[in-house]
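**Student:** build the 3D model from these lines:
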Amino acid sequence: MTRDETKEILEETTVSAPEPSFDHKVIAIDRISRTVAGGRRIRFRAMVVVGNLSGKVGVATAKANDVQGAIAKATNAAMKTVIVVPLTNDTIPHQVSYTFGTTAVLLKPAPKGHSIIAGGAVRPVLELAGVKNIVSKALGSSNTLNSAMATYHALKILKARNTFVTQRGKS
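**Tutor:** Predicted coordinates for the structure are as follows:
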């Protein structure tokens, strides 16, 4: 291995931190393997959520030869998928559900002081999005990756309160 190749590998594996205003949480780290002619090749997959705790959140997964590299790649990928979540009084403006794979996630707004009623991979996504009062229900499979992605997509299809009200013809 030449010196340049070694330098490239080291540059790839250094963890670049998300923007200073963004926090990140690792939801899952899995050891995955692929069978090749010489046996099994072991790699790692990481799923990371990034958010600024006030309405922006992103979720992504990535694979690498080591855990640190997988986390770094997933963090960078999650920063590229950041969406803006319309919040109303620290909760979501309306009820929403989304199905990803065989996992369905139902999110309902909750009154102030109710806190986050969620479990598994749904909770970190909601926490980093800045939602403080919400009720959630995960239906179907409890797969971590599908739960996180279903929550992310449910937040993605939320509409701001004024847009939602005018579409329904209310004042």
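
**Student:** separation between M79 and N52?
**Tutor:** 11 Å (Cβ to Cβ, to the nearest Å). For glycine as for every other residue, the C-beta is placed from the backbone atoms N, C-alpha and C.

**Student:** find the residues that touch each one of those two.
**Tutor:** Taking Cβ atoms under 8 Å, 6 or more residues apart in numbering as the contact rule, M79 and N52 both touch F22.

**Student:** tell me how many other residues crowd the closest residue to F100 other than its chain neighbours.
**Tutor:** Closest residue in space to F100, ignoring its immediate chain neighbours: A150 at 3.8 Å, by Cβ to Cβ, 6 or more residues apart in numbering. Counted with other Cβ atoms under 10 Å, residues neighbouring A150 total 29.

**Student:** surely A150 and T102 touch.
**Tutor:** No - if you go by Cβ atoms under 8 Å, A150 and T102 don't touch, sitting 9.8 Å apart.

**Student:** circling back: tell me the SS of the residue nearest to F100?
**Tutor:** helix (DSSP: H, G, I helix; E, B strand; the rest coil).

**Student:** repeat for H24
**Tutor:** Following three-state DSSP, H24 is assigned to strand.

**Student:** so what's the nearest residue to it once chain neighbours are set aside scoring on pLDDT?
**Tutor:** Nearest-residue entry for H24: V50, 4.5 Å, with adjacent residues in sequence omitted and distances by Cβ to Cβ, 6+ apart. pLDDT recorded at V50 is 97.

**Student:** which strands and helices lie in contact with the helix or strand hosting V50?
**Tutor:** Using DSSP states H and E, V50 falls within strand 39-51. Here strand 39-51 touches strand 23-36, strand 56-64, helix 67-80, helix 122-129, helix 144-156, going by 3 or more Cβ pairs under 8 Å, 6 or more residues apart in numbering; DSSP states H and E.
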